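turn this into a model:
(chains A and B)
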Amino acid sequence: MTRELLDLMGIDKERLALEWVSSAEGGRFAEVVTSFTQKIKDLGKNPLGVAA
Amino acid sequence: MNIEDAAQLTQTYYCLDCGVCTGSCPVSRVLPSFSPRLIVEKALLGLGDELLKDQELWSCLTCSRCYERCPSSINFPEFMRLLREEASKRGTQPVYSHHGMLQTIMELQTQGINQKKTEWAREAGQVAESGDTFFFVGCMPYFQVIFRDIGVDSLSVSKNVIKILNGAGIKPVVSDEEHCCGHDMLWNGQVEIFKKLAFHNLEVIRKSGAKRVVFNCPEGYYTFKKHYPEHFGELGFEVVHVYDLVAQMLADDVLKVENGAGPLTFHDPCRLGRMAKIYDGPREILNKLAKDQFKEMERNRENAVCCGTSGWANCGTGSKQIQMERLAEAKATGAQTLITACPKCQIHLNCALNNMDIDLQIKDLTSVLAEAIK
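From the prediction side, this is the model:
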């Protein structure tokens, strides 16, 4: 639902991610965060006009 | 604005201490700790600081039933709004419903986003980029996403407005750039955000060259009619409610409808009824749609009861009780359909209906009308 709302507001819905990571999966947590951070960097500044 | 100025502006000094306000208040009935009379008393006794910290400030539905009945014509809803403005400056706020999601959407709209919220309009009928008539869609595309889980199809109302306008040969302008009208921000005490939203809307509408703006949402209509001129002066275009337009179209025979929608009853939204004084338009339409089958509820017109929540804040057990009583009242008329004319009434009453075991459906007047067009 949040993705749909972002879409209506003209904010790229790819900027939102929801992942489940267990406390035992340290490696996977690092992986998820790193890849999402990279994705956001690739997408660039958001359109809101606030500091990115 | 400080409390003394607010009291001056809304004539609170004329309070006779009669208590009609509290006796009329739907909130006081279910939450006895809330009392309009007590709030006015406190303000006049100089207990303003205490009042501004009080959570009860946000319990008022601003439904205007007290103002309607007050022998001194004290505009209590406006008084509450002014106090909220001051309270929010001092850092207090209501308990936002839906985790504050709707307020967040409104605030984000002031940050220069490029919305994509009118695709449905092109599918629903003929719309234009510029022209004489601007259709102010309001929050409906957002409501559609947020509230479809409780079975409310908000956008169908907007689609039907376009169908009705098209039926009369009008190609309305709809705009992705249109922002929220600011109604909720205004009543949540966030007047600066309201002003930003309103200023932007005025620019968008003026740019479109429209001579009139059509609304189906009573809140949008009333906010444009009353609060926009208060903040920005002459608007330069006409503010029209779709029901007035439809009533005219029916009278002129431009629009023909079938009789046979009954039995039904009508819930007056507070912004449409008590505030904008539109009581007869919807009833004329309903009498055409369901001749002899349209029954009034016991509490109707200026005595109608609020749908239980306003401004997406402070929804609680009291709200539910108000809604459930209202639905039972609708059912008692023998109606099968409860007609509302406000997107929010529809959402709130449906929410309560989902937890009740009564055979009643809730529909928007616009949709019933669109179904009956010949």
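
from here on, contacts and neighbour counts on C-alpha atoms
Noted.

which residue ranges of chain A form helices?
Using DSSP state H, the helices of chain A run over residues A:2-8, A:26-43.

check the stretch 1-150 of chain B too.
Assigned by DSSP state H, counting those that start in this stretch, the helices in the stretch 1-150 of chain B fall at B:3-9, B:20-24, B:26-30, B:36-44, B:48-53, B:65-69, B:76-89, B:101-108, B:119-124, B:140-147.

can you tell me which of these comes nearest to chain A?
Minimum separation from chain A across these (Cα to the nearest Cα) falls at helix B:140-147, 6.6 Å.

how about the contacts made by the residue lying closest to B:Gly138 once chain neighbours are set aside?
Spatial nearest neighbour of B:Gly138, excluding adjacent residues (Cα to Cα, 6 or more residues apart in numbering or on different chains): B:Cys180 at 5.7 Å. With contacts defined as Cα atoms under 8 Å, 6 or more residues apart in numbering or on different chains, B:Cys180 is in contact with B:Met106, B:Gln109, B:Gly138, B:Cys139, B:Leu197.

now the helices of the stretch 1-150 of chain B in CSV, with mean neighbour count, mean pLDDT and distance to B:Cys217?
CSV is the format used below for the helices of the stretch 1-150 of chain B (neighbours: other Cα atoms under 10 Å in any protein chain shown; pLDDT from 0 to 100; distance: least, Cα to Cα, whole Å):
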stretch, mean neighbour count, mean pLDDT, distance to B:Cys217
helix B:3-9, 17, 88, 28
helix B:20-24, 19, 95, 25
helix B:26-30, 20, 94, 23
helix B:36-44, 19, 93, 27
helix B:48-53, 16, 88, 31
helix B:65-69, 21, 95, 20
helix B:76-89, 22, 93, 19
helix B:101-108, 17, 91, 16
helix B:119-124, 14, 89, 16
helix B:140-147, 19, 93, 9
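
okay, now the unreliable bits of the chain?
Using chain A. Scanning chain A for pLDDT under 70 picks out the ranges A:49-52.

and the nearest residue to B:Ala168 once chain neighbours are set aside, which of the three is it?
Spatial nearest neighbour of B:Ala168, excluding adjacent residues (Cα to Cα, 6+ apart): B:Val254 at 6.4 Å. Of the three states, B:Val254 takes coil according to DSSP: H, G, I helix; E, B strand; the rest coil.

isn't B:Val254 right up against B:Asn166?
No. B:Val254 is beyond contact range of B:Asn166, at 11.3 Å (criterion: Cα atoms under 8 Å).

looking at those two, which is more packed in?
Each of B:Val254 and B:Asn166 had its neighbours counted (other Cα atoms under 10 Å in any protein chain shown), and the higher figure belongs to B:Asn166 (16 against 12).

check contacts around that one.
Contact analysis of B:Asn166 by Cα under 8 Å, 6+ apart lists B:Gly125, B:Gln126, B:Pro172.

the most centrally placed residue in chain B sits in which helix or strand?
Note on chain B: the residue nearest the mean C-alpha position is B:Glu219, at 3.5 Å, using Cα atoms, centre = their mean. Per DSSP states H and E, B:Glu219 falls inside helix B:218-222.

by contact count, what packs against that helix?
Packed against helix B:218-222 by the contact rule (3 or more Cα pairs under 8 Å, 6 or more residues apart in numbering or on different chains; DSSP states H and E) you find strand B:238-241.

the helix or strand that the strand it packs on is followed by packs against which elements?
Once strand B:238-241 ends, the next helix or strand along the chain (criterion: DSSP H and E) is helix B:242-251. On a contact count with 3+ Cα pairs under 8 Å, 6+ apart, helix B:242-251 meets helix B:280-289.

other residues contacting the helix it packs on?
Here helix B:280-289 makes contact (Cα under 8 Å, 6+ apart) with B:243-244, B:246-247, B:257-262, B:293-294, B:365, B:369, B:372.

mind listing which of those are in helices?
Those of those mapping onto helices are B:Tyr243, B:Asp244, B:Val246, B:Ala247, B:Leu365, B:Leu369, B:Ala372, per DSSP H.

turn those into JSON lines, including neighbour count.
Output for the ones in helices among the contacts of helix B:280-289, formatted as JSON lines (neighbours: other Cα atoms under 10 Å in any protein chain shown):
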{"residue": "B:Tyr243", "neighbour count": "23"}
{"residue": "B:Asp244", "neighbour count": "16"}
{"residue": "B:Val246", "neighbour count": "23"}
{"residue": "B:Ala247", "neighbour count": "18"}
{"residue": "B:Leu365", "neighbour count": "21"}
{"residue": "B:Leu369", "neighbour count": "20"}
{"residue": "B:Ala372", "neighbour count": "17"}
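
now for those residues, which pair is the farthest apart?
Spatial extent of the ones in helices among the contacts of helix B:280-289 (Cα to Cα) is set by the pair B:Asp244 and B:Ala372 at 17.4 Å.

show the pLDDT at whichever residue of chain B sits closest to chain A.
As assessed by Cα to the nearest Cα, chain A sits closest to B:Gln115 within chain B, at 4.2 Å. At B:Gln115, the model reports a pLDDT of 85.

give me the neighbour count for it.
Neighbours of B:Gln115 under the rule other Cα under 10 Å: 19.

leaving out sequence neighbours, find the closest residue to B:Glu302.
Closest residue to B:Glu302 apart from its sequence neighbours, by Cα to Cα, 6+ apart: B:Arg274 at 5.6 Å.
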